[in-house]
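Novice: Quick one, structure for this:
(one chain, ligands or ions: 1)
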Amino acid sequence: MNAESWTPAEFEARLRAVPEARYHHRHPFNVRMHAGELSPEEIRRWILNRFHYQRHIPIKDALILAKLETPELRRMWIRRIQDHDGRRAGEGGIERWLRLGEAAGLDRKDLLSGEGVLPGVRFAVEAYVNLCRLGTPLEAVAASLTELFAPDIMRTRIEAFERHYTWIDSEGLQYFRGRISQGRQDSGEALELVLEWARGRAEQERAVAALSRKCDVLWALLDAVDQA
Ligand SMILES: O=C(O)c1cc(C(=O)O)c2c(n1)C(=O)C(=O)c1cc(C(=O)O)[nH]c1-2
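Specialist: Coordinates of the predicted model:
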């Protein structure tokens, strides 16, 4: 017999419980970052490796976009690509991440070359892109719901950088500042879609599993950076 569907409230609570327990704000590397314990070399390693994640976000969003069947949905989703790529050269989240790297003493040429990206980071990012490439629209959108927790971690990170890592020019933190409102909007829209789309208990469980897999991606990325 099929298990009964969760009510919308219970489904939402089960989705939120996944990152509550396993989002990367609990990872030892982030805990040390927020406590001000990372060396400049560790901060630079994190920025360089996280750039590999950042530059793949619009790629996975383009894969999701291609699965959306109405102009309304595509109009909503395409904004994410524009947030990262900008509407013209010199704008957008990827450019702001490059400026973060420069503020921390990295060369944008080195970030763009992809050299020095750790194998574990490549595999983690590939797993996320493939989840969005091969999964259903429900699974791909549910995986993005880690962003429910992103605004909080951005605020914590900005505070930590301004207090402990003052060798990085505060202008370099614009990426994090911008993501507070973008993350709130992204996750609000994604949550509405997931609650609406999941039909029946099996689909609800698939959405929770996709979000859980995404937590694994972020965790594995930091494991690789931490252990390098
Ligand atoms: O720095 C972070 O802690 C963090 C986490 C996440 C996330 O939760 O996946 C994203 C971002 N940043 C981010 O900057 C970003 O653009 C982003 C897009 C997505 C997504 O899955 O669609 N997650 C995240």
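
Novice: What's the separation between the residue in the chain positioned nearest to the ligand and residue 219?
Specialist: Using C-beta to the nearest ligand atom, residue 146 is the residue of the chain that sits closest to the ligand, at 3.3 Å. In this view, the C-beta of every residue, glycine as well, is placed from N, C-alpha and C. Applying C-beta to C-beta, to the nearest Å, the value for residue 146 to residue 219 is 10 Å.

Novice: Residue ranges in the protein under the pLDDT threshold?
Specialist: Scanning the chain for pLDDT under 70 picks out 1.

Novice: ok, which residues in it are in contact with the ligand?
Specialist: Proximity of the chain to the ligand (C-beta under 6 Å from any ligand atom) is limited to residues 57, 144, 146-147, 150, 153, 179, 218.

Novice: from the residues you listed, which ones fall inside helices?
Specialist: 57, 150, 153, 179, 218 (DSSP state H).

Novice: Can you say which of the residues you listed are buried?
Specialist: Buried subset of these (neighbour count, 16 or more other C-beta atoms under 10 Å): 57, 150, 153, 179, 218.

Novice: Farthest pair within the residues of the chain next to the ligand?
Specialist: Pairwise distances across these peak at 15.7 Å for 57 and 153 (criterion: C-beta to C-beta).

Novice: Spatially central residue in the chain, please.
Specialist: In the chain, the residue lying closest to the centroid (C-alpha atoms, centre = their mean) is residue 147, at 6.4 Å.

Novice: so what's the nearest residue to it once chain neighbours are set aside up against?
Specialist: Excluding its sequence neighbours, the residue lying closest to residue 147 (C-beta to C-beta, 6 or more residues apart in numbering) is residue 187, at 4.0 Å. Contacts for residue 187 were tallied using C-beta atoms under 8 Å, 6 or more residues apart in numbering; they are 144-145, 147-148, 150.
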